[in-house]
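Enquirer: below is the sequence, then the predicted model.
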Amino acid sequence: MQNSSIYMIELSQFTAHSLWDLMDDVSFWIKDTQGKFVWVNLTLAQQAQASRESIIGTRDSDWFFNELASVYMEDDALVIRSGTPILNKPELVMSVNAGVEWRMTSKFAVRDQAQRIVGTYGMSRPMEGGGSLPTDYADLAEIVAYVRTGIKAGISVDSLARSAHLSVATLERHVRRHLRMTPQALIQRIRMNRARHLLTSTTLKVGEIALECGYESFSSFSRAFRKTYGCAPGKMRNGDLLE
C-alpha cells in the first residue's frame, strides 16, 4: 500500500522512534501529504487494534470511525496547506481499552531540505482532568461520559438531552459543532466500539456482548455491527481482518 510520496519523508530526522514506543500513554505518527501513515508508535497501533506494519500506507479512515477520522484528516490537510502547526487541540479519540477519551493533540509540518512540506507528524496525550477543557468541550465530555455509562441501559437521544439539561435541537447543534456527527451517531459509535473491544478482549458470548451494548436482540446487534465494520461479530472475534 506504500507509494513514492512516502519516501519523500526523511525518517532519519525523527531519530527517537524507539523512544515513542516507550511512551504508552502518548500516540505518535508520521504521515505523507496524502494522509497515509509512514510510521506510528505502538500506542497508536493499539488504538487501531492492529499491527504497526498493517497501518503503514493506510489512512485514518481505514481504522477509525468515519466521523472522527474526517476531523483528523481535515486537520492534517490544514497543516499541509498553511504550514502552521496545530497545538494542544482538545480532541475526542478512540481509547485503547474502552471507547473514547479526551486527549490533547498537536500536529506539525514535515519539510524536506528545500523547506517544501512533504508530510505531517503529530502526537496526542491524555488530557489531565476534565477541568482543563474549554467550557464547550467540558460540557461535551459530560455528554460522552453519560453515553458510555448508559450503554447497557439502552440510552436514547431524548434521555441524553435530558441529562445534559438541553433540548434535543440544542444537543444536536452542540454535538454536530464539535464532533461533526449527530447524537444518535455518537451513541452508535460508542456502542460499536465497546462491542469491538469486548469481542477482541473477553470471552463473553456474542449474545452477552449484544446485551452489554444495549441491544435487545442478537439480530439487531448483528445488523448494526455489519453496517459499521463490514463483517459479522463472530468474524472479528476469530481475528478476520476488516475489508
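Expert: Yep, that arrived.
Enquirer: for the longest strand anywhere in the chain, name the packing helices and strands.
Expert: As assigned by DSSP state E, the longest strand anywhere in the chain is strand 100-111. With contacts taken as 3 or more CB pairs under 8 Å, 6 or more residues apart in numbering; DSSP states H and E, strand 100-111 sits against helix 66-82, strand 86-94, strand 117-126, helix 135-149, helix 183-201. Just so you know, the C-beta spots here come from the backbone N, C-alpha and C atoms, and that holds for glycine as well.
Enquirer: and it, which strands flank it?
Expert: Note on strand 100-111: by DSSP bridges, its sheet partners are strand 86-94 (antiparallel), strand 117-126 (antiparallel).
Enquirer: between the first one and helix 66-82, how many degrees?
Expert: Which is strand 86-94. Relative orientation of strand 86-94 and helix 66-82, computed by axes from the mean of the first three to the mean of the last three CA atoms, to 10 degrees: 160 degrees.
Enquirer: so which of the strands paired with strand 100-111 is nearest His178?
Expert: Nearest of those to His178, taken as CB to CB: strand 86-94 at 7.9 Å.
Enquirer: the closest one: which residues count as buried?
Expert: Of all the residues in strand 86-94, those buried under the rule 16 or more other CB atoms under 10 Å are 86, 90-94.
Enquirer: now stretch 207-226
Expert: 209-215, 218, 221-222, 224-225.
Enquirer: now do stretch 75-86
Expert: Here stretch 75-86 shows 75-76, 79-80, 86 as buried, counting by 16+ other CB under 10 Å.
Enquirer: nearest to Phe37 among these?
Expert: Distances from Phe37 to the buried residues of stretch 75-86, taken as CB to CB, are shortest for Asp76 (10.7 Å).
Enquirer: Asn73: what's it in contact with?
Expert: Quick fix: residue 73 reads Met, not Asn. Counting by CB atoms under 8 Å, 6 or more residues apart in numbering, Met73 touches 35, 59-61.
Enquirer: right, I mislabeled it, should have said Arg237
Expert: Arg237 sits next to 199-200, 206 when contact means CB under 8 Å, 6+ apart.
Enquirer: need the buried ones from these selected in PyMOL.
Expert: Restricted to buried positions by 16+ other CB under 10 Å, the PyMOL selection for those reads:
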select buried, resi 199+206
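Enquirer: now the contacts of Arg237 in JSON lines, with pLDDT?
Expert: Below are these laid out as JSON lines (pLDDT from 0 to 100):
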{"residue": "Leu199", "pLDDT": "87"}
{"residue": "Thr200", "pLDDT": "80"}
{"residue": "Val206", "pLDDT": "92"}
